[in-house]
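Undergrad: Predicted model, plus sequence, below.
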Amino acid sequence: MKKEDLAIYADYPAVPVTMQFKVLQFNPLNLVSHLRQQGHTSYLLTGAPKPKLDGYTFIGYQPKMKIHYRNGQLTVIKNGKTTTKKTAIKPYLEELLNRFRTPKLPDSPPFQGGLVGYFAYDYAQYANPTLSSSVSDPYQLDDVDLLLADQVIAYNQRTKIVTLSQIVPTNELNNRFEQVQVQLGKLKRTILQLQQSFVPVTLQLKSALQLQFNLPTFTNLVEQTKQHIVAGDIFQLILSNPQHADMAGSLFAAAPTLFHQSPSPYQFYFQDGDFEALGASPETLISRQGTQLVTYPLAGTRRRGKTEAEDQRLAAELQHNEKELSEHNMLIDLGRNDLGRVSRFGSVKVTSCRQLLRFSQVMHLGSTIESEVRSDQSSIDILDALMPAGTLSGAPKVRAMQLINELEQNKRGLYGGCLGYLDFDGDLDLCIGIRLAYRKGTNLVVHSGAGIVADSIAKYEYQEFNNKARSVVTALQQVAKQEVHYAVNN
């Protein structure tokens, strides 16, 4: 991209300065490992290609700002200085996205700069004031943790093209263009010369993973939920049951194992201070490309069979189970209603319904809902309309969330929230926070849930926690048991 080519975007507050080159063998874990060695806060967003789109890998480093929000208090870290104040988060984020608003360059990756990180399940209280904020918060989890990424490494998995981008304020472009090109050139050489070895990464479990609710306690919670269903308060509710352990080292050590064993549309590693998250999520909360919005609800679960015959039997059982089908249909309707809040009238359509989707440890029923976004809706408006997904809360959504707070009595953190990016050009892609582990300090949490309806049987729903968490738990235990000094190129 030449400086004169960017002149047509003078009306935008900022523009991406880019550099592209081809890399046939691109190892994102090696690159993140290298950045971690340099002491950079970093993130990795990758995964299998989505329908009709190329697969991309995004890596960021040296964020311009760090944004934390917890219990109504905003903390911003910039240039080594920390400021804290009580304020609403939505107008702050909208102003920030508008301040760095960029054009969509031709033939550019879906993400070239913006906000990267997570919105916790508990973020929903700010868009829904009826939700209680008085639940226990033993790990002091942020409701929002975002990095302002003005430098992005993007890799197109189909074309093998790396795009390096740097967001530059338009009024600084003339003075900084050559300097930015030099910086991008240095990063290019680093990527091309990057060796396959890196400083060893370790993960140790100092205690065994332990479910928060044992079966008798959970059975009581299920019975309370079913009483609310019979009373007409709700139709369905997602009860979760986190597993806790003490750990040392880094979750990054388990990334190669988890990513290899659990191919999925979203694989991520995110680190900010003493918080880390690692996951392989199969489910999109919301994606925006231009004016198109897409969400992909997953509801209905069976474990994978140990043999081909058993796998086929379980698939047929899932596809014909009245409970699973009615639950899925209800959540399709909830997704349609959520999209309708921010979409052009008449544009919301179910384009795929109850497709069988197989993953490494479980299979799901999945649907696709699409719409055209209204021109007056910001990225945060869209987020507020969808958060949290009905597949992680229940229906009706707000009443289900109120009861979840009463029954679980703890913040969920990233579980049931979302993680991904909000681009400065208005696009976004956020996956649901499931099939994940997160660490705060030495506290490790692996979180999963089960959908409770009127005819749920507690012992079977209890087993669903293990089915859904198996891929993450297995990866963590394999790496920790071997005390692996993991070579990422393996």
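TA: The structure has been received and is ready for your questions. Since the structure is predicted, the reported quantities are computational estimates derived from the model, not experimental observations.

Undergrad: so what's T351 up against?
TA: T368, I369, E370 (Cβ atoms under 8 Å, 6 or more residues apart in numbering). Backbone N, C-alpha and C define where each C-beta goes, glycine included.

Undergrad: where does the stretch 301-450 of the chain dip in pLDDT?
TA: Within the stretch 301-450 of the chain, the ranges that satisfy pLDDT under 70 run 360.

Undergrad: Please, where are all the strands along it?
TA: 349-358, 362-372, 394-395, 418-423, 428-432, 436-440, 443-447, 449-452 (DSSP state E, counting those that start in this stretch).

Undergrad: what do you get for the stretch 51-200 of the chain?
TA: Using DSSP E, counting those that start in this stretch, strands in the stretch 51-200 of the chain cover 56-61, 65-70, 73-78, 81-86, 114-119, 144-149, 151-156, 161-169.

Undergrad: which outside residues touch the fourth one?
TA: Among residues not part of strand 81-86, those counted as contacts by Cβ under 8 Å, 6+ apart are G72, Q73, L74, T75, V76.

Undergrad: quick revisit: ok, and the most crowded of the contacts of T351?
TA: I369 (25 neighbours; other Cβ atoms under 10 Å).

Undergrad: looking at the sheet around it, what are its partners?
TA: T295, V350 (DSSP bridges).

Undergrad: and the gap between it and M330?
TA: I369 sits 13 Å away from M330, going by Cβ to Cβ, to the nearest Å.

Undergrad: hang on, isn't E461 packed against N241?
TA: No - judged on Cβ atoms under 8 Å, E461 makes no contact with N241 at a distance of 9.3 Å.

Undergrad: Now the common contact residues for those two.
TA: F218, A450.

Undergrad: burial count for C353?
TA: C353 has 13 neighbours, counted by other Cβ under 10 Å.

Undergrad: ok, back up a step: among the contacts of strand 81-86, which one sits closest to H260?
TA: Distance to H260, by Cβ to Cβ, is smallest for T75 among these, at 36.1 Å.

Undergrad: hmm, back to that, quick one: buried ones out of the contacts of strand 81-86?
TA: L74, V76 (16 or more other Cβ atoms under 10 Å).

Undergrad: that older thread, please name whichever of the strands of the stretch 51-200 of the chain is nearest to L430.
TA: Nearest to L430, of all the strands of the stretch 51-200 of the chain, is strand 114-119, at 7.7 Å by Cβ to Cβ.

Undergrad: Tell me what angle the closest one forms with strand 428-432.
TA: 20 degrees (axes from the mean of the first three to the mean of the last three Cα atoms, to 10 degrees).

Undergrad: Does strand 114-119 pack against any helices or strands, and if so which?
TA: Contact partners of strand 114-119 among helices and strands, from 3 or more Cβ pairs under 8 Å, 6 or more residues apart in numbering; DSSP states H and E: strand 42-46, helix 89-99, strand 144-149, strand 266-272, strand 418-423.

Undergrad: That one versus strand 144-149: what angle between them?
TA: Going by the same axes, to 10 degrees, strand 114-119 makes 160 degrees with strand 144-149.

Undergrad: how about the strands of the stretch 51-200 of the chain, which one is nearest V446?
TA: strand 114-119 (16.0 Å).

Undergrad: what residues does the closest one touch?
TA: The set of residues external to strand 114-119 that reach it, using Cβ under 8 Å, 6+ apart, is 43, 45, 58, 60, 63, 67, 93, 96-97, 100, 143-149, 270, 272, 277, 383, 387, 414, 417-425, 430, 433.

Undergrad: likewise stretch 39-49?
TA: For stretch 39-49, using Cβ under 8 Å, 6+ apart, the contacting residues are 28-29, 32, 35-36, 55-63, 66, 111, 116-117, 147, 149, 157-158, 255, 259, 263-273, 280, 420-421.

Undergrad: Just the C-alpha atoms of it, please, in CSV.
TA: Extracted as CSV, the C-alpha positions of stretch 39-49 are listed here (Å, rounded to 0.1, in the frame of the first residue of the first chain):
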residue,chain,number,x,y,z
GLY,A,39,7.5,-9.7,27.3
HIS,A,40,4.6,-8.5,25.0
THR,A,41,1.0,-8.9,26.1
SER,A,42,-0.4,-10.9,23.2
TYR,A,43,-3.4,-12.7,21.9
LEU,A,44,-4.1,-15.4,19.2
LEU,A,45,-7.4,-15.8,17.4
THR,A,46,-7.5,-18.6,14.9
GLY,A,47,-9.6,-21.6,13.9
ALA,A,48,-11.2,-23.6,11.1
PRO,A,49,-12.7,-21.5,8.2
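
Undergrad: related to what we said a few turns ago, how about TSV for the strands of the stretch 51-200 of the chain, with distance to R354 added?
TA: Output for those, formatted as TSV (distance: least, Cβ to Cβ, whole Å):
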stretch	distance to R354
strand 56-61	28
strand 65-70	37
strand 73-78	42
strand 81-86	45
strand 114-119	28
strand 144-149	33
strand 151-156	31
strand 161-169	36
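
Undergrad: Dig out what the residue nearest to Q183 when sequence neighbours are not counted forms beta bridges with.
TA: Nearest non-adjacent residue to Q183, counting by Cβ to Cβ, 6 or more residues apart in numbering: Q166, 6.9 Å away. Beta-bridge partners for Q166, by DSSP bridges, are V17, Q151.

Undergrad: Could you look up the SS state of L29?
TA: Assigned by DSSP: H, G, I helix; E, B strand; the rest coil, the conformation of L29 is helix.

Undergrad: Surely it is in contact with A254?
TA: No - L29 lies out of contact with A254 (Cβ under 8 Å); the separation is 11.2 Å.

Undergrad: Neighbour count for those two, which is higher?
TA: Neighbours per residue, other Cβ under 10 Å: of L29 and A254, the larger number sits with A254, 25 against 21.

Undergrad: Show me how far stretch 460-479 is from its chain's centre.
TA: Offset of stretch 460-479 from its chain centre (Cα atoms, centre = their mean, to the nearest Å): 19 Å.

Undergrad: Now do the buried residues in it.
TA: Buried, per 16+ other Cβ under 10 Å, within stretch 460-479: 461-462, 464-465, 467-477, 479.

Undergrad: Filter those residues down to the ones in helices?
TA: With helices taken from DSSP state H, the overlap with those comprises 461-462, 464-465, 467-477, 479.

Undergrad: Out of the residues you listed, which is nearest to K226?
TA: E461 (10.9 Å).

Undergrad: K78: neighbour count?
TA: Using other Cβ under 10 Å: K78 sits among 13 other residues.

Undergrad: Let's have the contacts of strand 81-86 in a markdown table, adding pLDDT and distance to K206.
TA: Output for the contacts of strand 81-86, formatted as a markdown table (pLDDT from 0 to 100; distance: Cβ to Cβ, whole Å):
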| residue | pLDDT | distance to K206 |
| --- | --- | --- |
| G72 | 93 | 34 |
| Q73 | 96 | 31 |
| L74 | 98 | 33 |
| T75 | 98 | 29 |
| V76 | 97 | 33 |
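
Undergrad: Serialize the contacts of strand 81-86 to JSON lines and add fields for distance to E178.
TA: JSON lines is the format used below for the contacts of strand 81-86 (distance: Cβ to Cβ, whole Å):
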{"residue": "G72", "distance to E178": "44"}
{"residue": "Q73", "distance to E178": "41"}
{"residue": "L74", "distance to E178": "36"}
{"residue": "T75", "distance to E178": "36"}
{"residue": "V76", "distance to E178": "31"}
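
Undergrad: Distance of the residue most central in space within the chain relative to A280?
TA: Nearest to the mean C-alpha position of the chain, by Cα atoms, centre = their mean, lies L419 at 2.5 Å. According to Cβ to Cβ, L419 stands 12 Å off from A280.
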